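Novice: A predicted structure for the sequence below; I have some questions about it.
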Amino acid sequence: MQPEPSVPHPPTSADASPATDAPPLPVPVAGPGLPWGTEWELVDVPAPVGSAAQAAGAEVAWSSVRITLGLQQERAGGRSGVNRYVGMCRDLGSGGIELGPFGMTMMAGPPEAMAAEQAYLALLDRVRGYRAWPDGLVLRDAAGVDLLAFRPAPDPR
């Protein structure tokens, strides 16, 4: 069994070391808007969302597939488990985002990878918001529920 991946979270002043009397360092904050020109790797599907995907009949082994999301000006795409996908991406400001429609290659793969791919694409359809910082990107639904958590991809390919 593989260890659970570290879920990215935005840095806070609580992340500063309490062991010193020095004032906490300023927290690095990403600039406003989507981080265009970046590549991200999926590291987590929060429990309620992941459970909903499993309850819908898809036994999803998220850790067994590599899923990525690249953001280029007005475009989003990457690897969805088996296939590659690409589509439109609009930053609506104030943490709002519009994704899709997406086109993709049509290769077949192992059942586990295909299930993860279908669940991932279904979650992308629900995305309406985001939070971004240098070490993480979280995509959210319209109610602000975290759907997909990413960290910077170690290799953009």
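Specialist: Yep, that arrived.

Novice: how many neighbours does residue 89 have?
Specialist: Residues within reach of residue 89, counting by other C-beta atoms under 10 Å, total 22. The way it works is simple: take the backbone N, C-alpha and C, and place the C-beta from them, glycine included.

Novice: wait, doesn't it sit right on residue 99?
Specialist: Yes - using C-beta atoms under 8 Å, residue 89 is in contact with residue 99, at 5.6 Å.

Novice: which neighbours do those two share?
Specialist: The contact sets of residue 89 and residue 99 overlap at residue 76 (C-beta atoms under 8 Å, 6 or more residues apart in numbering).

Novice: Could you measure from residue 113 over to residue 153?
Specialist: The gap separating residue 113 from residue 153 is 18 Å, by C-beta to C-beta, to the nearest Å.

Novice: Then residue 86?
Specialist: 16 Å.

Novice: okay, those two: which has more neighbours?
Specialist: residue 153 (18 against 15).

Novice: Got phi/psi on the more buried one?
Specialist: phi -70, psi 140 (degrees, to the nearest 10).

Novice: Could I get the contacting residues of it?
Specialist: 39, 40, 41, 68.

Novice: farthest-separated two in those?
Specialist: 39 and 41 (7.6 Å; C-beta to C-beta).

Novice: Overlap in contacts, these two.
Specialist: 68, 152, 153.

Novice: No more questions from me, cheers.
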